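Novice: model this:
(chains A, B, C and D)
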4 protein chains.
Amino acid sequence: MSAGTARALLARSAPLWHRLTTHPFIAAAGDGTLDPAAFDRWLVEDYAFVIGFRRFLAALVTLAQDPRAADVLAAGLAPLQTELDLFRRQAASRRLDLSAEPQPTTLGYMSYLHACLADGYPVAVTVLYGAEKAYYDAWAAVRASARGRSPYWSFIDNWSSDAFAGWVAAVARLLDATVPGGPTESMCRAFDRVVRFELRFWDAVHHGEAW
Amino acid sequence: MSAGTARALLARSAPLWHRLTTHPFIAAAGDGTLDPAAFDRWLVEDYAFVIGFRRFLAALVTLAQDPRAADVLAAGLAPLQTELDLFRRQAASRRLDLSAEPQPTTLGYMSYLHACLADGYPVAVTVLYGAEKAYYDAWAAVRASARGRSPYWSFIDNWSSDAFAGWVAAVARLLDATVPGGPTESMCRAFDRVVRFELRFWDAVHHGEAW
Amino acid sequence: MSAGTARALLARSAPLWHRLTTHPFIAAAGDGTLDPAAFDRWLVEDYAFVIGFRRFLAALVTLAQDPRAADVLAAGLAPLQTELDLFRRQAASRRLDLSAEPQPTTLGYMSYLHACLADGYPVAVTVLYGAEKAYYDAWAAVRASARGRSPYWSFIDNWSSDAFAGWVAAVARLLDATVPGGPTESMCRAFDRVVRFELRFWDAVHHGEAW
Amino acid sequence: MSAGTARALLARSAPLWHRLTTHPFIAAAGDGTLDPAAFDRWLVEDYAFVIGFRRFLAALVTLAQDPRAADVLAAGLAPLQTELDLFRRQAASRRLDLSAEPQPTTLGYMSYLHACLADGYPVAVTVLYGAEKAYYDAWAAVRASARGRSPYWSFIDNWSSDAFAGWVAAVARLLDATVPGGPTESMCRAFDRVVRFELRFWDAVHHGEAW
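Specialist: The predicted structure follows:
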């Protein structure tokens, strides 16, 4: 499959992917019109998610099938620390409680990251790629217009930076190398789940969600 | 704590627990008035859940802190096989596709079972107890009226039997022995999550849920 | 590979495998000439190993890639309980302490079972097959001569029975179905490790081993 | 326990610990008299061990019971990458094959790191502390005499540096905070295993070991 496994996953998800990168929550964060209450809600929910995501990424390091692949995956952990520190500073200045119970969709999505590990390394790398690529593409879509304008710039910058782009590309190469023959059925199902969970997550933080 | 850790968890969850054991889905399954489409939906979703639950219970066996505790937990796996075989026979006779993609709430809940394992053995046993006790109490509540009357008797019988009651009681004793001093904050949070996930799960299968 | 993946693994290990099935410890247990102190040592070490093995098998259930494979693996847990009960009865009648610290080789081997899980499901099923097939072949080799003659018959019977043979054959089919194209390099390495660990384990219990 | 849990573990292991910090292999590496073949053997075995150790440390990040503890543990991964790069450079210049099959003791010890994760987070942090503290104390014991003299200085410097000392102290504080009441029986057993495995590992690389 000359196009690469990562590219094939994106291609077959094009319609939903378009909804991700044009999601109203992202657009409003980018142009600064986002309701501050929605931003606060997102900050608390996404912090919980990133804590779960760090667990997931660390678990993936344990499953890497050769030392060089583990090098690539482990390299993603240090930037996560920078990201968590940013969340904590912003939460402190906004007096938000980062230990609040996550909303149902957040808890379901972050739990799925953990659960997919039992489906094996290729599926779990697929999930990693889907979650990271979604973040990059969505925030990169508003980067140009948000710079110097959005009060949420520090977060937008984090996930649309060249450094983050480089890491996402490294994960894509890892995925292509792990499963050179194109995505398996299990990988397609897992990728679809990530895309759908992302959309639900953004809907849920945008409008709020009760248990 | 003389009342025992398991009992304390139930006591502090009493209001939500009452909603569980009187849920309209259970009541309708018990008196036979359940919409057959809702039953079919439940059968497919609950099969996916039980598959995830078996993974969770097997993972708990690996975390048991002494061989006798592992004996108790492993003893729960053989009845799960009987249960899965019942689902498969009923699905075949109803021409249902058990490999269908689960609804979002089902996927979130079954993923949470897996994710809670990272919170350590006491939390994971708490989740096991919550999930099993909810099933027993709910189905036992309609057992007497359902016998010889409900077309769903084989399932009702499975989770309201003396054998299942005995296993749930053994898990309660395991929980009490593991954490004799009453539930920790992490255990309370995990138990609450199970109760809320169960309620959402039954709502979602009763009325259907789209991604 | 027409011969099957399991068979290919055995074929390339033939010389070491022959040493396994003709090991002096097994031969002496079979004809009843085994030093009782060596048997007692084995009983304590093998109990620790089986406890670790149960954890490993339960973990494998969580990694099974489809429900029918999980059915096969989970079916191996109930016989393990019977086996553990046999060890406990024999240990009680011989006044042996089953909680004694394992010898270094036992601890290394049982730890390897756990560690190989990070190498993925195909490698872990390979390890399962190697460990179980070694037990079957070794004890089956002395079954005929040991019956009615060896004081260790209950153990010999356990691992040379038709029931155990059937389970080992089911694991071989699972392995063949999981990796139909013949063993990968990782699988060959893992299988070799099991064979070498088995040989070292029997040497160590036969003659004793200090930390 | 005013002395702290980490300190208590060290205190009760004093005799074996003294053998660790005065081991002939370390002493010979420090004064430069080590047989180059023994150093080469160590380099290959310790690289395999560090690869396994990274898996173990990453798995510990997934088990950390609060985000700040995960911060501490995750911070240990970046220095491991520097360490692995040092091993690879040295192996390349010495034409050593880092993918060689580990010796039995190496494989047993690195497997034990993985296996102890099933004993729960407090035990696993104990194992982390034991392994890291042993490295620091042993190499620090020869630091002064080795500087500018030993051909193995880059490795000695790595594990006797102030930066490494700071990380080991942070792990000790984590252990003290996790189990403030002094080590449990399971923790003592795990710590003893690490000390004994370390001694066997150094013996095995010093003199060589065959399967």
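Novice: What parts of chain A come near chain D?
Specialist: Contacts of chain A with chain D, taken as CB under 8 Å from any CB of the partner chain, map to A:51, A:54-56, A:58-59, A:61-62, A:67, A:70-71, A:74-75, A:77-78, A:80-81, A:84. (C-beta placed from N, C-alpha, C; glycine too.)
Novice: I'd like to know which of these are buried.
Specialist: With burial judged by 16 or more other CB atoms under 10 Å in any protein chain shown, the buried subset of the residues of chain A next to chain D is A:51, A:54-56, A:58-59, A:61-62, A:67, A:70-71, A:74-75, A:77, A:80, A:84.
Novice: near chain C at all, the longest helix along chain A?
Specialist: Criterion DSSP state H: the longest helix present in chain A is helix A:36-63. Yes: Helix A:36-63 reaches chain C (CB under 8 Å from any CB) through A:62, A:63.
Novice: Next, the buried residues of that helix.
Specialist: Per 16+ other CB under 10 Å, helix A:36-63 contains these buried residues: A:38-63.
Novice: I'd like to know how far residue A:129 sits from residue D:77.
Specialist: Remark: distance between residue A:129 and residue D:77 (CB to CB, to the nearest Å) = 21 Å.
Novice: what's the closest non-adjacent residue to residue A:171?
Specialist: Leaving out its chain neighbours, the residue that sits closest to residue A:171 by CB to CB, 6 or more residues apart in numbering or on different chains is residue A:129, at 5.0 Å.
Novice: right, and residue A:131 touches residue A:52 too?
Specialist: No: taking contacts as CB atoms under 8 Å, residue A:131 lies outside contact range of residue A:52: 10.6 Å.
Novice: shared neighbours of those two, anything?
Specialist: Common neighbours of residue A:131 and residue A:52, using CB atoms under 8 Å, 6 or more residues apart in numbering or on different chains, are residue A:113.
Novice: quick revisit: what helices and strands are in contact with the longest helix of chain A?
Specialist: Helices and strands touching helix A:36-63, by 3 or more CB pairs under 8 Å, 6 or more residues apart in numbering or on different chains; DSSP states H and E, are helix A:24-31, helix A:67-74, helix A:77-93, helix A:104-115, helix A:121-146, helix A:185-207, helix D:36-63, helix D:67-74.
Novice: can we see that at 6 Å?
Specialist: Applying 3 or more CB pairs under 6 Å, 6 or more residues apart in numbering or on different chains; DSSP states H and E, one finds that helix A:36-63 makes contact with helix A:67-74, helix A:104-115, helix A:185-207, helix D:36-63.
Novice: Please convert those helices to CSV, extending it with distance to residue C:203 and mean pLDDT.
Specialist: Shown next, in CSV, are the helices and strands packed on helix A:36-63 (distance: least, CB to CB, whole Å; pLDDT from 0 to 100):
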stretch, distance to residue C:203, mean pLDDT
helix A:67-74, 32, 98
helix A:104-115, 41, 98
helix A:185-207, 42, 97
helix D:36-63, 22, 98
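Novice: Relative to residue B:30, which of those is closest?
Specialist: helix A:104-115 (26.8 Å; CB to CB).
Novice: Would the closest one count as contacting chain B?
Specialist: Yes: residues of helix A:104-115 are located near chain B by CB under 6 Å from any CB of the partner chain, namely A:108, A:111, A:112, A:114, A:115.
Novice: Can you pick out the most distant pair from the residues you listed?
Specialist: Farthest-apart pair in the residues of helix A:104-115 next to chain B is A:108 and A:114; separation 11.1 Å (CB to CB).
Novice: Name the residue in those two with the higher neighbour count.
Specialist: A side-by-side neighbour count of residue A:108 and residue A:114, using other CB atoms under 10 Å in any protein chain shown, places residue A:108 first with 27 against 23.
Novice: which one is the more buried one nearest to, not counting chain neighbours?
Specialist: residue B:108 is the one closest to residue A:108 (CB to CB, 6+ apart), at 2.3 Å.
Novice: And for residue A:206?
Specialist: Distance criterion CB to CB, 6+ apart; nearest residue to residue A:206, sequence neighbours excluded, is residue A:25 at 4.2 Å.
Novice: Quick check: that neighbour vs chain B, distance?
Specialist: 18 Å (CB to the nearest CB, to the nearest Å).
Novice: need the residues of chain A near chain C, please.
Specialist: Residues of chain A lying near chain C (CB under 6 Å from any CB): A:62, A:63, A:118, A:120, A:121.
Novice: what's the closest of these to chain B?
Specialist: residue A:118 (6.0 Å; CB to the nearest CB).
Novice: Can you get me a residue count around the closest one?
Specialist: Residue A:118: 21 surrounding residues under other CB under 10 Å.
Novice: residues contacting it?
Specialist: By CB atoms under 6 Å, 6 or more residues apart in numbering or on different chains, residue A:118 lies in contact with B:55, C:62, C:63.
Novice: 10 Å instead?
Specialist: For residue A:118, the contact set (CB atoms under 10 Å, 6 or more residues apart in numbering or on different chains) comprises A:124, B:52, B:55-56, B:58-59, B:114, C:59, C:61-65, C:121.
Novice: Not counting sequence-adjacent ones, nearest residue to it?
Specialist: Once flanking residues are discounted, residue A:118 sits nearest to residue C:62: 5.3 Å by CB to CB, 6+ apart.
Novice: list the contacts for the one you found?
Specialist: A:117-118, B:52, B:54-62, B:114, B:117, C:70, C:73, C:117, C:121.
Novice: Buried ones in stretch A:143-153, by neighbour count?
Specialist: Judged by neighbour count (16+ other CB under 10 Å), stretch A:143-153 contains these buried residues: A:143, A:146, A:150, A:152, A:153.
Novice: correct me, but residue A:23 touches residue A:206?
Specialist: Yes: between residue A:23 and residue A:206 there is a contact under CB atoms under 10 Å: 8.0 Å.
Novice: Overlap in contacts, those two.
Specialist: Here residue A:23 and residue A:206 have residue A:29 as joint contacts, going by CB under 10 Å, 6+ apart.
Novice: which residue sits closest to residue A:131, ignoring its sequence neighbours?
Specialist: Excluding the flanking residues, the one nearest residue A:131 by CB to CB, 6+ apart is residue A:194, at 5.6 Å.
Novice: how many other residues sit next to the one you found?
Specialist: The burial count for residue A:194: 25, using other CB under 10 Å.
Novice: what angle sits between the longest helix of chain A and helix D:77-94?
Specialist: Put simply, helix A:36-63 runs at 30 degrees to helix D:77-94, going by axes from the mean of the first three to the mean of the last three CA atoms, to 10 degrees.
Novice: I'd like to know how far the residue nearest to residue A:22 when sequence neighbours are not counted sits from residue A:207.
Specialist: Using CB to CB, 6+ apart and skipping residues adjacent in sequence, the residue nearest residue A:22 is residue A:141, 7.1 Å away. To residue A:207, residue A:141 is 21 Å away according to CB to CB.
Novice: what residues does stretch A:142-153 touch?
Specialist: Stretch A:142-153 is touched from outside by A:21-22, A:26-34, A:36, A:39, A:42-43, A:90, A:139, A:155-157, A:159-161, with contacts defined as CB under 10 Å, 6+ apart.
Novice: residues in contact with the residue nearest to residue A:171?
Specialist: Contacts were defined as CB under 10 Å, 6+ apart; by that measure residue A:129 touches A:5-6, A:9-10, A:168, A:171-172, A:174-176, A:187, A:190-191, A:194.
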